[in-house]
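[1] Give me a 3D structure for the following:
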Amino acid sequence: MSTPRISYVPLERMDEKMQEEMYRCAREGTPRPESSAVRAHAPNAFWAFSDSWKAIFHTGVTDHSIKELCRVYISRTVKCEFCGNQRSIKATTAGLIEQQYDELLNFETSTTYDDRQKAALSYAEAIAWRLETDDAFWERLHHHFSEAELVELGCFVALTFGQQSWIRLLGIEHHQYMAGSDASMAPGFRTPEELAATKAKPDYWATTP
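    Sure, this is the predicted structure:
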C-alpha cells in the first residue's frame, strides 16, 4: 500500500459533526473515507467539498447515473485510481451496470451508451481536454439537456476534474482508513487482497494504454 503524501486526520481529532460525515463515507462511499480524512486538515475545505458533492452529485436536477458516468470518465482521463475504483451505490441501484464503465474513453463509437449519455460525456470531454466547440456541439447538448441541467453538469464535471487531479497526487489508497467497509467499491476492489490482485492484472485499466 502507498503512503499518503498528506496524512489522514485521526477520527478522534474530529468534532462530532465531522465524525458523522466520516461514518457516512464509510457506510455509503463516494467519497470514501480516505480522501475525506485528508480534507479534514482544513475543515472549511472538508465541508465545502462535502456540501457541494451532496448538492450537485447525490442530488440535483440531472440524472445521477449520467453524472456517475461523467465522474468515472474523468477518473479514466486523469488516471485517478482512487476515484476510478469506486462506484456510486445510488447509480448501481438505478440500473447502471459495470459494463457501462468499460468503454468510457471511446464512448462516441461504443454501442454501450445512449445518445443522451454520449452527449453528456462529450461535454465532460470538452471540459477536461479544453476542446474547441461549435454550434453543432451546443445544439446536441441543448437537444438532450435543459440549461439548468447543463449548468449543474458543468459545475459537477469541473468539481470532480479538479478534485481528482489533486487526489491523484496524494498517494492515498482504499482500505487504509476506517478499514472493513467496502461501500461503493468497484467489483474486484472490495478487500485489500482483491484490490492488490486486480491492480496486478495486465489489463488493469490504469496501466492499459
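[2] Helices of this structure, residue ranges please.
    16-28, 33-39, 43-53, 64-78, 81-84, 89-93, 115-129, 135-144, 147-170, 192-199 (DSSP state H).
[3] list the contacts for the most centrally placed residue in the chain?
    Centroid-nearest residue in the chain: Arg71, 4.3 Å away (criterion: CA atoms, centre = their mean). Arg71 makes contact with Phe57, Cys83, Ser88, Phe156, Thr160, according to CB atoms under 8 Å, 6 or more residues apart in numbering. For the C-beta atoms, the positions are set from N, CA and C on the backbone; glycine is no exception.
[4] circling back to that earlier point, need the winner for burial among the helices of the chain.
    helix 33-39 (a mean of 24; mean count of other CB atoms under 10 Å).
[5] who's in contact with the nearest residue to Ala120 once chain neighbours are set aside?
    Nearest non-adjacent residue to Ala120, counting by CB to CB, 6 or more residues apart in numbering: Ile66, 4.8 Å away. By CB under 8 Å, 6+ apart, the residues touching Ile66 are Arg116, Gln117, Ala120, Leu153.
[6] What spatial separation is found between Ile66 and Tyr123?
    10 Å (CB to CB, to the nearest Å).
[7] Overlap in contacts, these two.
    Joint contacts of Ile66 and Tyr123 (CB under 8 Å, 6+ apart) are Leu153.
[8] And the residue located most distally from the centre of the chain, how close does it get to Glu125?
    Taking CA atoms, centre = their mean, the residue of the chain most remote from its mean C-alpha position is Asp135, at 29.2 Å. Distance, Asp135 to Glu125, by CB to CB: 17 Å.
[9] so Asp102 sits right up against Arg76, yeah?
    No. The criterion here is CB atoms under 8 Å, and Asp102 misses it with Arg76 at 10.0 Å.
[10] Run through this structure and note the low-pLDDT ranges.
    For the chain, applying pLDDT under 70 flags the ranges 1.
[11] before we move on, back to that, and the contacts of Ile66, which is closest to Thr93?
    Nearest to Thr93 among those: Gln117, at 17.6 Å, using CB to CB.
[12] In contact with the closest one, which residues are there?
    Ile66, Leu69, Phe107.
[13] What are the neighbouring residues in contact with the last one?
    Right, Phe107. Tyr73, Tyr113, Gln117, Lys118, Leu121, Ser122, Glu125.
[14] Which residue, other than its chain neighbours, is closest to the fourth one?
    In other words, Lys118. Nearest to Lys118 is Phe107, by CB to CB, 6+ apart, at 5.6 Å.
[15] so Gly95 makes contact with Asp63?
    No. Assessed by CB under 8 Å, Gly95 is found out of contact with Asp63, at 10.9 Å.
[16] Can you pick out the residue with more neighbours from the two?
    Neighbour comparison, Gly95 and Asp63: the larger count goes to Asp63, with 17 against 8 (by other CB atoms under 10 Å).
[17] Phi, psi for the more buried one please.
    Note on Asp63: backbone dihedrals following degrees, to the nearest 10 are phi -50, psi 130.
[18] Roughly how far does it sit from Gln164?
    Asp63 is 21 Å from Gln164, by CB to CB.
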